[in-house]
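Chemist: The sequence and its predicted three-dimensional model are supplied below.
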Amino acid sequence: MTSASSARAFDVRHVQLARAAFAAIAAVMITFSPDHSAFVGMAVFSGFAIATGLVFLLAVWLVYPAGRRWPAAALGGLTLVAGMAGGLTPMRTVTGFFAVVIVWAFVTGLLELLAGWREMRAPSVRPEISPGVADTRPLPTPGPRSESRDAVVIGVVTLLLGVALLFVNPGFALDYTIEEARQTFTLTGITIGVGVFGGYAAIVAVYLGIAGFSPRAPLPVTTEAPGAPTEAPVAEKEDSA
């Protein structure tokens, strides 16, 4: 049965918009900061990760129904731990930045990719055990196809962040001179790494912002206990009787 009172006050679009907002803040801070040092880069990543992790953990209770909570719980816990690690002073170094961000990108990117892919391929109905006898075991609750697709895309983008940072040499340093300014600057590996993370944050902000504002069909909200027979099978039994 359905009930208007059972509708959730928050849904997936709120999670996407919150993630987009924090990613946008991180992208703006990096873009307009003249200092792309390890200390600044790790500070921005730490704030972004802690805020995003809290969004995921709150969504476990406020957004996702039973059966679909484990990806948000896992992503929230891992991202929160990465953000807290980035807040430690000993980790705000060149090596610390690359180590924390690369590990976080590979672990959470792969997890989000697999979770989205699993929901995209989840069956919507159980096959019949034998002719006329349906399998009544509860199905894993699938998410909307659009949400699953968004999770796959963000998972791939996050994995690409880790791959890109792997190709950046932390010890790289290149001196260059701008004649008009009559100044010499140094392009370092950490400058490139922080810039790559800023680009990643901008992509995530734009993609999830568009996804959050995109119209989507509302999903029916049910209050039936998991595994309980639906109304359709009951009607079939009554007709057969």
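Modeler: Thanks, I have it. Residues are numbered from 1 along each chain as shown.

Chemist: CA only for contacts and neighbour counts going forward, please
Modeler: Fine.

Chemist: Which residue is the nearest non-sequential neighbour of Val44?
Modeler: Spatially, and ignoring its direct neighbours in sequence, Val44 is nearest to Ala26 (6.0 Å; CA to CA, 6 or more residues apart in numbering).

Chemist: whoops, Gly199 was the one
Modeler: That would be Ala27: by CA to CA, 6+ apart, it lies 6.8 Å from Gly199.

Chemist: Could you check how many residues crowd around the one you found?
Modeler: The number of residues packed near Ala27 is 25, by other CA atoms under 10 Å.

Chemist: residues in contact with it?
Modeler: Residues in contact with Ala27 (CA atoms under 8 Å, 6 or more residues apart in numbering) are 198-202.

Chemist: hmm, back to that, list the buried residues of the strand or helix carrying the residue nearest to Val44.
Modeler: Assessed by DSSP states H and E, Ala26 sits inside helix 12-31. Neighbour counts using 16 or more other CA atoms under 10 Å place 12-27, 30-31 of helix 12-31 among the buried residues.

Chemist: likewise stretch 168-177?
Modeler: So, applying 16+ other CA under 10 Å, buried residues of stretch 168-177: 168, 170.

Chemist: how big is the angle separating the helix or strand just after the helix holding Ala26 from helix 12-31?
Modeler: Next along the chain after helix 12-31, taking DSSP H and E as the criterion, comes helix 38-62. Using axes from the mean of the first three to the mean of the last three CA atoms, to 10 degrees, one finds that helix 38-62 and helix 12-31 are set 170 degrees apart in direction.

Chemist: mean confidence score for helix 38-62?
Modeler: The average pLDDT within helix 38-62 is 96.

Chemist: For the helix or strand just after that helix, name the packing helices and strands.
Modeler: Using DSSP H and E, the helix or strand that follows helix 38-62 towards the C-terminus is helix 70-86. Packed against helix 70-86 by the contact rule (3 or more CA pairs under 8 Å, 6 or more residues apart in numbering; DSSP states H and E) you find helix 38-62, helix 94-120.

Chemist: which other residues reach helix 70-86?
Modeler: Here helix 70-86 makes contact (CA under 8 Å, 6+ apart) with 42-43, 45-57, 59-60, 91-92, 96-97, 100-101, 104, 108, 111-112, 115.

Chemist: one step back: local confidence estimate at the residue nearest to Gly199?
Modeler: In this prediction Ala27 is given a pLDDT of 97.

Chemist: For burial, what's the neighbour tally of the residue nearest to Ala173 when sequence neighbours are not counted?
Modeler: Excluding its sequence neighbours, the residue lying closest to Ala173 (CA to CA, 6+ apart) is Thr188, at 4.3 Å. Residues within reach of Thr188, counting by other CA under 10 Å, total 18.

Chemist: so Thr188 touches Val194, yeah?
Modeler: No. The criterion here is CA atoms under 8 Å, and Thr188 misses it with Val194 at 10.2 Å.

Chemist: residues in contact with the closest residue to Val94 other than its chain neighbours?
Modeler: Setting aside the residues directly before and after it, Val94 is nearest to Ala38 in space (CA to CA, 6+ apart), at 5.2 Å. Contact analysis of Ala38 by CA under 8 Å, 6+ apart lists 92-94, 97, 190-191, 194.

Chemist: hmm, 10 Å instead?
Modeler: Contacts for Ala38 (CA atoms under 10 Å, 6 or more residues apart in numbering) come out as 44, 91-98, 189-191, 193-194.
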